[in-house]
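Visitor: quick one, structure for this:
(3 chains)
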Amino acid sequence: MNAITPIRTPAEQALIGAFGALRDTGPAGAALEGLRIDGFSRFEASGLPHRRVEEWKYTDLRAMMREAKPLAGAPDASALLAAKVAVGRLPRVGGSRIVMVDGFHAPDLADGGSLPEGVTVSGLAEAMARRPDVAALLAGQPATRGNTAFALNNAFLTDGLLIEVAPGTEVGHALDLVSITSDGAPRLVTARVVVVVGAGASAGIVETHVGPAGVDYQKNVVMQVVVRDGATFEHGRRQIEGDQALHLSTLEATVGAEAHFDSLTLTTGAAVSRSQLFVRFAGEHSDVTLRGVTMLKGRQHADTALVTDHAVPNCQSRETFKHILDGEAHGVFQGKIIVQPIAQKTDGRMMSQTIMLAEGPSMDNKPELEIFADDVACAHGCTCGELDADLMFYLKARGIPHKEAEALLVEAFAREAIEDFGGGPLAVVEELREAMLASVTEWMRART
Amino acid sequence: MSLLEIKNLTAKLAEEDKQILNGLNLTVEKGQVAAIMGPNGSGKSTLSYVLAGREDYEVTGGEALLDGENILELDPDERAAKGLFLAFQYPIEIPGVGQMTFLKAAINAQRRKNGLDEIATPEFIKLVNGRAKELGISQDMLRRSVNVGFSGGEKKRNEILQMALLQPKLAILDETDSGLDIDALKIVADGVNAMRSPDRGFVVITHYQRLLDYIKPDVVHVLSAGRIIKTGGPELALELEAKGYADIVGKAA
Amino acid sequence: MPAVQETVEQVRAIDVDQYKYGFSTEIEMELAPKGLSEDIVRYISARKNEPAWMLEWRLDAYRRWLTMREPEWARVDYPQIDFQDMYYYAAPKSNAAPQSLDEIDPAILETYKKLGIPLREQEILAGVAPEKRIAVDAVFDSVSVVTTFKEELRKSGVIFCSISEALQEHPELVRQYIGSVVPTTDNFYATLNAAVFSDGSFVYIPPDVRCPMELSTYFRINEQKTGQFERTLIIADKGSYVSYLEGCTAPMRDENQLHAAVVELIAHDDAEIKYSTVQNWFPGDAEGKGGIYNFVTKRGDCRGARSKISWTQVETGSAITWKYPSCILRGDDSQGEFYSIAVSNGAQQVDSGTKMIHLGKNTRSRIISKGISAGRSQNTYRGLVSAHRRATNAKNFTNCDSLLIGNACGAHTVPYIESKTASAVFEHEATTSKVSEDQMFYCMQRGLTQEEAIALIVNGFVKDVLQQLPMEFMVEAQKLIAISLEGSVG
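Guide: Take a look at the predicted model:
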């Protein structure tokens, strides 16, 4: 192969420059330097992904990320104050609230009382320098490592959070993790959270990603979760970023034996967003459920790209994703279930469903099965269309106005993905479900 | 020589350690209808599956002789060829495979093993239609895929149809009465009774005495914890019905 | 379904690894010099006495091909093909435009007879009832050796001949349609085909004519180190109907041979084309040595309103299959169908599926795909369903099921479902499972052997697709499937 010198886009050039500047200033978190260099070299080799990169076929980041914003630094006092006001307006979902501003931990903005017993929160750079086991948590699975958003997160990583739940701990209320981008000139925010749920423990985290409207900030977040043997982890996520934002998120989960992992994402924010989920079964007799509701309007673009890797036998995975599209929005769902040769008795089911509320939206689906073991039961399904005309007629015939009928049907559609979320020991789950359903209702009401 | 002689049979699920059959002894003579009764979990279905050769079960000891020959090492189709028939408690659905295709394939497999030519289509259709009519199996059911879309009763009647067509030496009826209403039960019982003959034996596995009102057993065995713990005449079934299993099982233990 | 019994007989009669059609025919051949160049393209064109525009068309394709790269996205793995190490033209020497069957080399007639393809019309007439007649175009390596029932078809206005002949007799029709569905720029193999295609079939059905019999082409690769590049062009004019069958076999050789065909279908208003394939090229031996690389571009254009194109394929052969028979649903209210059975065993690799491109209003498509993988094979369904903005009320239903036999094979599903129209309704479902142990036990309890039980269950699994085949092919296909799966259990 001839070495082809790639033509760098302005955004790529800016990112390369930003890395150089970061290196020269010798930032905090020297322990993370190896990770930064590795991430950068991977990015430098691949550049921003474009439509000819199969995994990014429908989200051409090279075209969508025209420029790269300057890296966000640690927030100053006034930014923290503004953030505090903004965060205060967000109703708390869960127990203790942990706040990150522009990707940096802001302990002064914590709320909801002290952390539950058995839960510790540490700075990532500090933990990395102190403990040899942290590097492995950050390294990423092979599929994650090859991903450009993950590489970029590594390249610009200066700190992050390590949240640990001690083995056997039952945390009754989920942690409420708010990740806010401060107002002002647009920045590129890099945030990293690592969660370890100890053996036999049960815990939950609700992430909320929020930022100012009218500002085209960029945010690249990574959450890496290790669910140890016999543990239960419930994960909720609300992506309600500002309307001009570019949001990239990566959720990586490694699930041990006899463990449960349940995740639900609600996406309504950002101009362009991509939610990546990489789940790998590392122990037998575990189950994973991934769910999502994405509601887009105007010219919003949102991509959900997930890979569920059955690397061991006897596990079950369920994926249910719903898209509700209005205006000229573009929804994308790419899901892949991999069953490795040894993963006999795998039970995997994936479903993607879309409702279009206007003539303008488009939806691209790519639900994949990649199966190398024979004693499996795997399936995927996909539907796409308008609201059922017969149902609409029936509701209207009972005197329900058009808009209201639409809302009723859309809420019912979304509820299928939301209603049986959790089911574990967390008291907060009910609260989160209600909050998400309320968001669906609110979104429908706000349609013009 | 007895038709079926089971000697000290022990068996378990292949993937588990717990023994389900624990030294079971049972003899069935030609022309005999032997009822096997027992509480849930006593090993009734295991016995039928082990005799038919289902892979999930592992024989850990003992033997089962059909006409004096140990069949436990044979594949299921070889046992079938030797005249063993199992009417399943839960007959299997096979989408896409037509009933007639399936029946013909089974009949021809048997004929080939007996050195006979394959059955001619008109003869086959006449044969099936005749038996089907007796069992109240409609033409529509014969046109469908094997057991697909059949009600519980239809599936059981279909099992009896297959038995009537294959004319086995030994028929094992595994809880054939479960899920049947009284009319369906009568039809099934009539089908079985019509096949009673001096050369053929039946093992009728059931939880309830009710079926035995219609298929009169010559002998009743009580199975508990994987062994036959009591043997008697038809009156034993009535006694069980009156007193419940606990009484007899308790005494034997 | 007495065929099940026959299937089972076949399975029993044949030893593992024995490909029924694996014999080769000793016959004197005329070969163009090995390798590919402009001169070879000119040679092929000259041998066929083609008009100048055809040569230009070929050369244009050849020059473009030189700039193209082999596609790499399919889930298939094979050593680099040396395009200079093969022959692009091979024709039986004696085949200088035979006027009747008597002038054809008896060795060729014998070959087709052995394959069960009757070429003598009187034999066909003697054998079966008149309504069961099938007109055959027999293609032997690079050239068409004979086309039967031509005269009778001509009476109803149907043109059925080799494409070489069509270029002589009906150049205006060929020129109008060739490359209009699969352009010379389409893809690496299609472009190569445009440059070097040697023969193939041509069909034209005039308006409002229902073709009086099934048409069929039988492809046979015989010569060593030859690529077979045939091109088929079928035009169904307004209100017409045709059903077309395609069969393929090749000798067993331990080298890989390339087959890169192009098929173009055009259906005008209210016309219907039904295209069925039973592909049984030599799959290679159990170790994966030899076999055909089947890299084929097939596409139908539902150009007219209310037109319909239906693809049915039974793919059991070839070392590698790379094939996506597609429909462009351009006309309003047009319909596309794709019914597929793809069986892979041994070391075979299949990457096959379809594209349904909805452009017109109220267009409908239906995809039923059944993949069966056994041995160490890899079997991938890859498909695209898309609706453009204009394609209001488009509908698609897709069902793709995979069955795994044994734990060393793979089954993969890669569908792309793209909608730009709210009123388009797309439904897609896919499942992967193994042959149920319960079903196996039930069949064996009734006396069927393991192989009989597998054959029966697999035939049930593929039934929805088999029913789409013309009667004569259905039985053949059932046998093929069972033979292909032979040795997959135990």
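
Visitor: in chain A, which spans are helices?
Guide: A:10-25, A:33-46, A:61-64, A:77-88, A:124-130, A:134-139, A:142-145, A:148-155, A:389-397, A:402-418, A:428-446 (DSSP state H).

Visitor: buried deepest among those helices, which one?
Guide: Among the helices of chain A, helix A:148-155 has the highest mean neighbour count (mean count of other Cβ atoms under 10 Å in any protein chain shown), at a mean of 24. C-beta: built from backbone N, CA, C; applies to glycine.

Visitor: in the stretch 1-150 of chain C, what residue comes closest to chain A?
Guide: Chain A sits closest to C:Trp73 of the stretch 1-150 of chain C, with a gap of 7.3 Å, by Cβ to the nearest Cβ.

Visitor: worst average pLDDT in the helices of chain A?
Guide: The minimum mean pLDDT among those belongs to helix A:389-397 (a mean of 79).

Visitor: other residues contacting it?
Guide: With Cβ atoms under 8 Å, 6 or more residues apart in numbering or on different chains as the test, helix A:389-397 has contacts from A:His402, A:Glu404, A:Ala405, A:Glu406, A:Leu408, A:Leu409.

Visitor: still on that earlier bit, make sure the residue of the stretch 1-150 of chain C closest to chain A is actually in contact with A:Glu54.
Guide: Yes: using Cβ atoms under 8 Å, C:Trp73 is in contact with A:Glu54, at 7.3 Å.

Visitor: name the helices or strands packed onto the helix or strand containing B:Leu51?
Guide: Assigned by DSSP states H and E, B:Leu51 belongs to helix B:44-52. Other elements packing on helix B:44-52 under the criterion 3 or more Cβ pairs under 8 Å, 6 or more residues apart in numbering or on different chains; DSSP states H and E are strand B:4-13, strand B:19-28, strand B:57-66, helix B:76-81, strand B:84-87, strand B:170-174, strand B:201-206.

Visitor: re earlier: redo the helices of chain A as a markdown table? Include distance to C:Cys248.
Guide: As requested, those are exported to a markdown table (distance: least, Cβ to Cβ, whole Å):
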| stretch | distance to C:Cys248 |
| --- | --- |
| helix A:10-25 | 49 |
| helix A:33-46 | 42 |
| helix A:61-64 | 43 |
| helix A:77-88 | 68 |
| helix A:124-130 | 61 |
| helix A:134-139 | 50 |
| helix A:142-145 | 39 |
| helix A:148-155 | 44 |
| helix A:389-397 | 46 |
| helix A:402-418 | 47 |
| helix A:428-446 | 54 |
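
Visitor: any chance you could map the strands in the stretch 201-350 of chain C?
Guide: Taking DSSP state E, counting those that start in this stretch to define them, one finds strands in the stretch 201-350 of chain C at C:201-205, C:214-220, C:231-236, C:241-249, C:256-259, C:262-267, C:272-279, C:291-302, C:308-315, C:320-323, C:326-329, C:335-344, C:349-358.

Visitor: sorry, back to before: between the contacts of helix A:389-397, which sits nearest chain B?
Guide: For the contacts of helix A:389-397, the nearest to chain B is A:Leu409 (31.3 Å; Cβ to the nearest Cβ).

Visitor: show residues contacting the helix holding B:Leu51.
Guide: Contacts for helix B:44-52 (Cβ under 8 Å, 6+ apart): B:6, B:9, B:11, B:20-21, B:24, B:36, B:38, B:56-57, B:59, B:64, B:71-72, B:76, B:79, B:84, B:86, B:89, B:172, B:174-175, B:203, B:205, B:207, B:223, B:226, C:441, C:445.

Visitor: mind giving me the PyMOL command for buried ones among the residues you listed?
Guide: For the buried members of those, the matching PyMOL selection, counting by 16 or more other Cβ atoms under 10 Å in any protein chain shown, is:
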select buried, (chain B and resi 6+9+11+20+21+24+36+38+57+59+64+71+72+76+79+84+86+89+172+174+175+203+205+207+223+226) or (chain C and resi 441+445)
